[in-house]
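Q: Provide a 3D model corresponding to the input given below.
(2 chains)
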Protein chains: 2
Amino acid sequence: MKAEIIAVGTELLLGQIVNSNGQFLSVELAALGVDVYFQTVVGDNSSRIQQAIEIAQGRADIILFTGGIGPTEDDLTKDALAAALGRTLHIDHLAMDHVQRFFDERKITMTENNRKQALVIEGSTPLANEIGLAVGLALAHENKYYIVLPGPPREMKPMFTDKVKPWLQQHALTDEMPIYSKMLKFAGIGESLLEDKLIDLIRNQTDPTIAPYAKEGEVTVRISTKAPSEREAMVKLDALEKKIQELLPEYMYANIDVPLEQLIVDWMADAGLTMSAAESCTGGLLMESITRTPGSASMFLGGIVCYSNEMKKKLLNVPASLLEGPDAAGAVSPEVAEVLAEQVRMIADSDFGLSVTGVAGPGYSERKPVGLVYVGLAERGRKTEVYELNLKGTRENIRLRSVKALLYRLWRRLEARKVETPLEGSALQ
Amino acid sequence: MKAEIIAVGTELLLGQIVNSNGQFLSVELAALGVDVYFQTVVGDNSSRIQQAIEIAQGRADIILFTGGIGPTEDDLTKDALAAALGRTLHIDHLAMDHVQRFFDERKITMTENNRKQALVIEGSTPLANEIGLAVGLALAHENKYYIVLPGPPREMKPMFTDKVKPWLQQHALTDEMPIYSKMLKFAGIGESLLEDKLIDLIRNQTDPTIAPYAKEGEVTVRISTKAPSEREAMVKLDALEKKIQELLPEYMYANIDVPLEQLIVDWMADAGLTMSAAESCTGGLLMESITRTPGSASMFLGGIVCYSNEMKKKLLNVPASLLEGPDAAGAVSPEVAEVLAEQVRMIADSDFGLSVTGVAGPGYSERKPVGLVYVGLAERGRKTEVYELNLKGTRENIRLRSVKALLYRLWRRLEARKVETPLEGSALQ
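A: A predicted model of the protein is given here:
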């Protein structure tokens, strides 16, 4: 089964809103095993909507519309679809009662144009709209399936989940096998290097399918398969996951769709571990990305943004000899990264102390290249680790990648502790 | 001129990402006076991309592609377009040098597939990609205009602004009356209240047009008009700007498209003023949004994220009596906001000290409602100001709005200083 999503609304074509409905419906349809080959956005214009319908009929079995079913003259989706199918429109009485009740309850006189929101196409199944006023519809016509939903996501989403999904399963998807997916998450590796390592697998693998994509310093690989049951799907997915993990043993941090920050926060909170941070070039981004994560309050104690050298000296006891003078290592140096990580850990009395110092650009005087960053990782009772990064991109990219690289190192340390802890435990027995 | 935007990428059809490029390009094309009648999303499949091209050729003059120009086998946009137009592809040498340099600088061997990123279509103008590796292109072919851009927004946006816009104006939009816009920026006011105040003006105004939209705690009002010259446009735009400013005298902070942070950073850097910050619930977001802004290094000294009460006491000298005990004001209180702002200002020896403490939710024990936030603003030689905010929304929204509200207060203070400073100056004469 192939589907096409047609979002109707001039506000989308003017860029006033983003087509988030297209994204939601794509995810939902993929989960039902339906392939979406095209998404179309068309304005509030009857002939162009009909043109889009004609094109979609030539390339899809299921055509889903969102938007253009409100009360105004610009709301043309149902008219255009009825015209394209040669069917009539009529008022659905239940939907009309719902509209009327809305105005009665508010003691407002209903204007005539609101009757339009209760219109359905002849022979269709009305889809009640519990949040808003405009009724949706589902219709089978000449071996194609048509679904009409409102534009506002808060109305559209529950209607899809509660009404469209069962309708499609009953009418259109009787022969389809559901699709099952797993999301494998990687950090500390770029998309192209990851693809390079997986290229033979990607080329020779057709079921399950492999789809890598990069987002904000992390890489996700989605593996998917169709199967009659979840159990059968998981056998195939688990086997492929194992193969992928063998090719990239160091970098995979999860097999569910979770950001690295969330994993670290949950893990540290569960283990009763705490962290603090000292940031120079990232200026708070590291701490922001940790504290953005729910649950961080119990593992993150705080930290210091030491943008100026004065702050580095005053709050983090960086010796002036490291910062000043012609032969000094300078603020962007492994030595300073080390002091920052160790000092903030001691000041906060946390288990881990993280630090970042580098050149995010533009405009910096220490004669060090833009993109040179040192990240430090201090741990109670362990030698502090410092890593040099050579990053490219905008100021924003360099900052983001510095944070992800440091969190990747922290995650590796936590992984190592996981292996160590049982040993210590058994030594106690 | 009619345009169609074709976003290429299976990740869009699977709903893994939202088509934000479609929105960005729609806004930009509208500003150029180009009508977008359709947006299409198609997967990484050559024959379906060619099918989309054929349809677009029948209904648009300008066809813009984003995505599908990376190094992998799934990246098919340029091949499909070349095939559809019957043109060949060749390596652009400047683009190839750029790709090669990227790998050389990192001392990594370039894999063969990366050569693909330097491909352009015969007869096209290459569009250099300064952020990423894949070169774009612009091409006039049989009275149609084709633009190919990369998918990642951080690469695509500057390429559109710096290269596509002038190319379109020179090649495709020579007969169009140019459209001129002004962006009026507001802070400290929500979108619906702003619309409420402008509603009569918006209803009765057709030229220039008025389009308000909200983004990340700021509201922008774009006013636009077509005119034969900039001078004639500005007469109309300035008159409307004046009317709008009269309706919203306190909230408009700029008549160019500049974020509030940038304005504050530039202003303080020029005036030789410095700032520092102490953040609790915003966990670094305030400092991150300041340091994200180029030029912040000379005015931002640093600050402290005092997530735990221990850190508040230890680093910011918050008296235990304010934090502990049944009758204490608690960490989320105007008293603590005041101490935080004053202490961080003194520790950093900065002109301004900013603070935030509040409940961003979820899960908080002090029995204070989610959304209650206090922001403090300390200034050298002045009484510290503290404001109570009662915010709604997700954790992310509450944090973002807290930061914007505090920056709005800082901006108001800087505005007030602007008025005061000349008086002091004249007193010296």
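Q: When you work out contacts or count neighbours from here on, use the C-alpha atoms and nothing else.
A: OK.
Q: Contact distance from chain B - what residues of the stretch 301-429 of chain A qualify?
A: A:301-308, A:311, A:348, A:362, A:390, A:393-396 (CA under 8 Å from any CA of the partner chain).
Q: And the strands in the stretch 51-200 of chain A, which stretches?
A: Secondary structure of the stretch 51-200 of chain A (DSSP state E, counting those that start in this stretch): strands at A:62-66, A:89-91, A:119-121, A:125-127, A:136-141, A:144-149, A:179-186.
Q: Parallel or antiparallel, list what pairs with the last one.
A: Applying DSSP bridges to the sheet, strand A:179-186 is found paired with strand A:218-226 (antiparallel), strand A:252-254 (antiparallel).
Q: neighbouring contacts of the first one?
A: Around strand A:218-226, the neighbours that count as contacts under CA atoms under 8 Å, 6 or more residues apart in numbering or on different chains are A:33, A:177-191, A:207-214, A:233, A:236-237, A:240-241, A:404.
Q: And the host helix or strand of A:L406, what's buried?
A: Using DSSP states H and E, the element containing A:L406 is helix A:395-428. Buried residues in helix A:395-428, counting neighbours by 16 or more other CA atoms under 10 Å in any protein chain shown, are found at A:395-412, A:414.
Q: Could you do stretch A:133-142 as well?
A: Counting neighbours by 16+ other CA under 10 Å, one finds that the buried residues in stretch A:133-142 are A:133-140.
Q: possible to save these as JSON lines with distance to A:P166 and pLDDT?
A: Below are the buried residues of stretch A:133-142 laid out as JSON lines (distance: CA to CA, whole Å; pLDDT from 0 to 100):
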{"residue": "A:L133", "distance to A:P166": "22", "pLDDT": "92"}
{"residue": "A:A134", "distance to A:P166": "20", "pLDDT": "95"}
{"residue": "A:V135", "distance to A:P166": "17", "pLDDT": "97"}
{"residue": "A:G136", "distance to A:P166": "14", "pLDDT": "98"}
{"residue": "A:L137", "distance to A:P166": "13", "pLDDT": "98"}
{"residue": "A:A138", "distance to A:P166": "11", "pLDDT": "98"}
{"residue": "A:L139", "distance to A:P166": "13", "pLDDT": "97"}
{"residue": "A:A140", "distance to A:P166": "14", "pLDDT": "96"}
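Q: and of those, the nearest to A:V99?
A: Of all the buried residues of stretch A:133-142, A:V99 sits closest to A:L133, with 5.7 Å by CA to CA.
Q: returning to what we had before: which two in the residues of the stretch 301-429 of chain A next to chain B are spaced the farthest apart?
A: For these, the farthest-apart pair by CA to CA is A:A348 and A:G393; their separation is 32.9 Å.
Q: more neighbours, those two?
A: Legend: neighbour count by other CA atoms under 10 Å in any protein chain shown for A:A348 and A:G393, higher for A:A348 (25 against 18).
Q: now that one: how far from B:L315?
A: In this view, A:A348 and B:L315 are 9 Å apart by CA to CA, to the nearest Å.
Q: quick one: which two of the buried residues of stretch A:133-142 are the most distant?
A: Among these, the pair separated by the greatest distance (CA to CA) is A:L133 and A:A140, at 23.5 Å.
Q: need the residues of the stretch 51-200 of chain A near chain B, please.
A: With the criterion set to CA under 8 Å from any CA, the stretch 51-200 of chain A comes near chain B through A:192, A:195.
Q: quick revisit: nearest to B:V336, of the strands of the stretch 51-200 of chain A?
A: Of all the strands of the stretch 51-200 of chain A, strand A:179-186 sits nearest to B:V336, with 40.7 Å by CA to CA.
Q: May I see the buried residues of the closest one?
A: Residues of strand A:179-186 classed as buried by neighbour count (16+ other CA under 10 Å): A:179-186.
Q: Not counting it itself, show me its contacts.
A: A:30-33, A:218-227, A:230, A:233-234, A:237, A:241, A:251-258.
Q: same question, stretch A:240-251
A: Residues contacting stretch A:240-251 (CA under 8 Å, 6+ apart): A:184, A:186-189, A:194, A:197-198, A:208, A:223, A:252.
Q: How far away from the center of its chain is that stretch?
A: 22 Å (CA atoms, centre = their mean, to the nearest Å).
Q: for the stretch 301-429 of chain A, what spans make up the strands?
A: Using DSSP E, counting those that start in this stretch, the strands of the stretch 301-429 of chain A run over A:352-358, A:372-379, A:385-390.
Q: Now mean pLDDT and mean neighbour count too, for those, in CSV please.
A: Shown next, in CSV, are the strands of the stretch 301-429 of chain A (pLDDT from 0 to 100; neighbours: other CA atoms under 10 Å in any protein chain shown):
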stretch, mean pLDDT, mean neighbour count
strand A:352-358, 97, 30
strand A:372-379, 97, 26
strand A:385-390, 94, 17
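Q: I'd like those strands as CSV, with distance to B:G22 appended.
A: As requested, the strands of the stretch 301-429 of chain A are exported to CSV (distance: least, CA to CA, whole Å):
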stretch, distance to B:G22
strand A:352-358, 35
strand A:372-379, 34
strand A:385-390, 33
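Q: quick one on the thing from earlier: most tightly surrounded among the strands paired with strand A:179-186?
A: strand A:218-226 (a mean of 22; mean count of other CA atoms under 10 Å in any protein chain shown).
Q: Compute the inter-axis angle for it and helix A:395-428.
A: 70 degrees (axes from the mean of the first three to the mean of the last three CA atoms, to 10 degrees).
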